[in-house]
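# 3D model of this:
(4 chains)
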2 protein chains.
Amino acid sequence: MDSMKDGLLTERQMEVLRYRKQGLTQQQIADIIATSKANVCTIEKSAMENIRRAKETLDFLYTLDSTHLCTIPSGTDLFDVPSMIFSEAEKLSIKVKYDTISLINHLRESKPKSYTARALSENVEAYITNEGEIYFG
Amino acid sequence: MDSMKDGLLTERQMEVLRYRKQGLTQQQIADIIATSKANVCTIEKSAMENIRRAKETLDFLYTLDSTHLCTIPSGTDLFDVPSMIFSEAEKLSIKVKYDTISLINHLRESKPKSYTARALSENVEAYITNEGEIYFG
DNA sequence: ACAAAGTTAACGAAAAGTGTTTAAATTTCG
DNA sequence: CGAAATTTAAACACTTTTCGTTAACTTTGT
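Numbers count the residues shown, from 1 in each chain, chains lettered A, B, ... in the order given. As a prediction, this is how the structure comes out:
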């Protein structure tokens, strides 16, 4: 009935996330919505799990019309990434849509938690479309 | 068992989407995966539904820590958008993270299907965070 | 160390989602 | 038009999710 329109999160889950965003503790929320704090915890947790899944789902979409370009190893300096991308793309005869600066910004925005200062904190997979669009997964 | 790691789409759904991307018809896919064409249809359809829900879920996340800035009416010239955004943001004493040009590009990338040439083809909601990040939904 | 906040495990009942089939409708296109 | 492609509806068995409880455990901050 209503499942046709909704996203992944249930009313309960959105409710908890909203209260959480306001800075309330699980106990406070539990009192408001009349349940146990343990239940608030599991609801919040499953909400996070659903969000993770939503992201992964869209990741799949991006990689569906992209081909894997290269793996950028953990520890790589952010400023070394563009030249890696450009040389790999050249092997495939694809012109990258980004210049050096915007490629770095693109990476920063795509994976805000994958680097500290200037070094990647984990491996990042780079994908490319025929149109030169780059995606980091 | 495996549901902990996966995204929204089932193996079956990804399978169908991949074949579809290759240009196969539902009948051809039905033969390959040994089921009826009607079933391929429903699998593909529920895959699309799952993708829609994934997007909507992330939309919710974005708007969770944003406040509604303004509605940009259908028909608005793309090049008139930045000044609208800037003046609304100023009312809230928030400095927008984007300059005029990158704001237009940001809108183009966020809503690729919401404009024709230079005119918006539908209403677009603009949201802003305290940090000046803009989101179009 | 204490108390508050958060997490985890095990279980149950209700709700929602998935893959199928079969048969009938609709759309698309040469 | 007419054939192939796609969509829809109803029904059924099956699996997964969700919300909830209780009770014990771990983390965090003072």
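
# how about the helices in chain A?
Assigned by DSSP state H, the helices in chain A fall at A:11-21, A:26-32, A:37-64, A:81-91, A:100-110.

# touching DNA strand D at all, the shortest one?
What it means is helix A:26-32. No - between helix A:26-32 and DNA strand D, judged by Cβ under 7 Å from any atom of the strand, nothing touches; the nearest distance is 7.9 Å. Backbone N, C-alpha and C define where each C-beta goes, glycine included.

# just checking, what packs against that helix?
Judged by 3 or more Cβ pairs under 8 Å, 6 or more residues apart in numbering or on different chains; DSSP states H and E, the packing partners of helix A:26-32 are helix A:11-21, helix A:37-64.

# in stretch A:23-37, what counts as buried?
For stretch A:23-37, the neighbour count (16 or more other Cβ atoms under 10 Å in any protein chain shown) marks A:24, A:26, A:29-30 as buried.

# low pLDDT regions in chain A?
By pLDDT under 70, the weakly predicted segments of chain A are A:1-5.

# for DNA strand C, what are the nearby residues on it?
Going by Cβ under 7 Å from any atom of the strand, the residues of chain A near DNA strand C are A:3, A:25-28, A:37-38, A:41-42, A:44-45.

# which segments of chain A make up each domain?
Using automatic domain parsing, the domain parsing of chain A gives A:11-61, A:65-136.

# the shortest one: how far from the chain's middle?
Right, the one you point to is domain A:11-61. 18 Å (Cα atoms, centre = their mean, to the nearest Å).

# just give the nearest non-adjacent residue to the residue sitting nearest the centre point of chain A, would you?
For chain A, the residue nearest the mean C-alpha position is A:K55 (5.7 Å; Cα atoms, centre = their mean). For A:K55, ignoring the flanking residues on the chain, the nearest one in space by Cβ to Cβ, 6 or more residues apart in numbering or on different chains is B:L58 at 6.9 Å.

# thinking again about what came up before, just the residues of chain A next to DNA strand C now: which is nearest B:Y19?
Taking Cβ to Cβ as the measure, B:Y19 lies nearest A:S3 of the residues of chain A next to DNA strand C, at 26.7 Å.

# what's the burial count for the residue nearest to A:E131 when sequence neighbours are not counted?
Spatially, and ignoring its direct neighbours in sequence, A:E131 is nearest to A:K97 (6.9 Å; Cβ to Cβ, 6+ apart). Neighbour count for A:K97, taken as other Cβ atoms under 10 Å in any protein chain shown: 15.

# list the contacts for A:K97?
By Cβ atoms under 8 Å, 6 or more residues apart in numbering or on different chains, A:K97 lies in contact with A:131-134.

# same thing with A:Q26?
Contacts for A:Q26 were tallied using Cβ under 8 Å, 6+ apart; they are A:37, A:40-41, A:44.

# do the same with A:Y98
Per Cβ under 8 Å, 6+ apart, neighbours of A:Y98: A:82, A:106, A:134.

# separate out the buried members of those.
Buried among those by 16+ other Cβ under 10 Å: A:82, A:106, A:134.

# just put the residues you listed in CSV and tack on distance to DNA strand D.
Converted to CSV, the buried ones among the contacts of A:Y98 look like this (distance: Cβ to the nearest atom of the strand, whole Å):
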residue, distance to DNA strand D
A:P82, 36
A:H106, 31
A:I134, 31
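
# cool, thanks, talk later.
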